[in-house]
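In: Generate a structure from the sequence data that follows.
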Amino acid sequence: VQLVESGGGLVQAGDSLRLACTASGRTFSGYYIGWFRQAPGKEREFVSTIGWTYGGAYYADSVRGRFTISRDHTISTVYLQMNSLKPEETAVYYCAATDQGLSLRAHAYAYWGQGTQVTVSS
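Out: Okay, here's the model as predicted:
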């Protein structure tokens, strides 16, 4: 299983950014694909997750209403559209996959990408 993130970069506060996570190596029917982030010196934090088969999504309270997760089966990719970004959301963003159902816990996700840096300047 391989997960590859892309789309990170340097933006200003209030800007938008779209991250992509391309999955390969197996079928992901029944899996959830999640996004987490980790800032320097902080624990990895849940951001959002989506069911690969039916598309049910869940968001952390801190991003609900600003971030949107979606998936495109045809290219095995999950997106995270991030709007109104804040400086405190500067972090490495990771995508991950779990067959344990909808989960907000990083430990439930067995497969991880290498991460993509998002930097939001004030």
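In: Ramachandran angles for the nearest residue to residue 116 once chain neighbours are set aside?
Out: Closest residue to residue 116 apart from its sequence neighbours, by C-beta to C-beta, 6 or more residues apart in numbering: residue 8 at 3.4 Å. (C-beta placed from N, C-alpha, C; glycine too.) The phi/psi pair for residue 8 (degrees, to the nearest 10) reads phi -70, psi 170.
In: okay, now residue 8: neighbour count?
Out: Burial measure for residue 8: 17 neighbouring residues, criterion other C-beta atoms under 10 Å.
In: try residue 100
Out: 12.
In: can you confirm it is in a strand?
Out: No. Per DSSP: H, G, I helix; E, B strand; the rest coil, residue 100 lies outside any strand segment and is coil.
In: unless I'm mixing things up, it is touching residue 108, no?
Out: Yes. Using C-beta atoms under 8 Å, residue 100 is in contact with residue 108, at 4.5 Å.
In: Any stretches of this structure with poor pLDDT?
Out: For the chain, no stretch has pLDDT under 70.
In: quick one: the residue most central in space within it and residue 13, what's the gap?
Out: Geometric centre of the chain, nearest residue: residue 35, 2.3 Å, by C-alpha atoms, centre = their mean. Here residue 35 is placed at a distance of 20 Å from residue 13 (C-beta to C-beta, to the nearest Å).
In: again, but for residue 54
Out: Residue 54 is 35 Å from residue 13, where distance means C-beta to C-beta.
In: With neighbour numbers in mind, choose between the two.
Out: Ranked by neighbour count (other C-beta under 10 Å), residue 54 and residue 13 place residue 13 first, with 13 against 8.
In: Surely that one and residue 88 touch.
Out: No. The pair residue 13 and residue 88 fails to qualify as a contact (C-beta under 8 Å) at a distance of 9.6 Å.
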